[in-house]
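In: make a model of this:
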Amino acid sequence: MKFAAFAGQKYLNLETSKKSGDGVKTPVWFAAEPSVRLESSEAKLYVYTIGVSGKVKRIRNNPRVKVAPCNMRGEVRGEWVEARAEIVTGAEAEHGMRLLNKKYVPWKQLLDFFAMSRKRERTVFVIRPAGGRS
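Out: Below is the predicted model of the structure:
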């Protein structure tokens, strides 16, 4: 099954963990790597955030996450899946941003415009199924 439930979805609910072990759930946009089937253990979902957000800090501390399809308000619409998140840079980050830009035209471009006017950095991370390739 892996990430099959994310096909055709616009949002995923990302649960990261605080140092205390408490989970923090956040609905986010994502784009799937098109060269790999979502059912595969090699599937990748790209997510980005502006600046060094709490979720970036939590992922650096603990890359184990859970994800589930959801609506824009974070209401879960499927099963939670154990996964691993990794912050990516360089060519892989650029690839992820291109996928996100393509999926969320024109909304992402509008958000990027406002983020650039504030000179806010973007952090891209890739989410893989737990037990998949690292």
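In: distance of the spatially most central residue of the chain from Thr89?
Out: The centroid of the chain falls nearest to Val47 when counting by C-alpha atoms, centre = their mean (3.0 Å). Applying C-beta to C-beta, to the nearest Å, the value for Val47 to Thr89 is 14 Å. For the C-beta atoms, the positions are set from N, CA and C on the backbone; glycine is no exception.
In: repeat that for Lys44.
Out: Distance of Lys44 to Thr89, given as C-beta to C-beta: 15 Å.
In: bridging residues for the residue lying closest to Ala93 once chain neighbours are set aside?
Out: If the residues on either side of it in the chain are set aside, Ala93 comes closest to Val124, at 4.0 Å by C-beta to C-beta, 6 or more residues apart in numbering. Under DSSP bridges, the beta-bridge partners of Val124 are Tyr48, Val88.
In: surely Val124 and Ile87 touch.
Out: Yes. Judged on C-beta atoms under 8 Å, Val124 makes contact with Ile87 at a distance of 7.3 Å.
In: give the rounded mean pLDDT of the longest helix along the chain.
Out: If you go by DSSP state H, the chain has its longest helix at helix 90-103. Average pLDDT, helix 90-103: 93.
In: so for it, what gets flagged as buried?
Out: Ala93, His95, Gly96, Met97, Leu99, Leu100 (16 or more other C-beta atoms under 10 Å).
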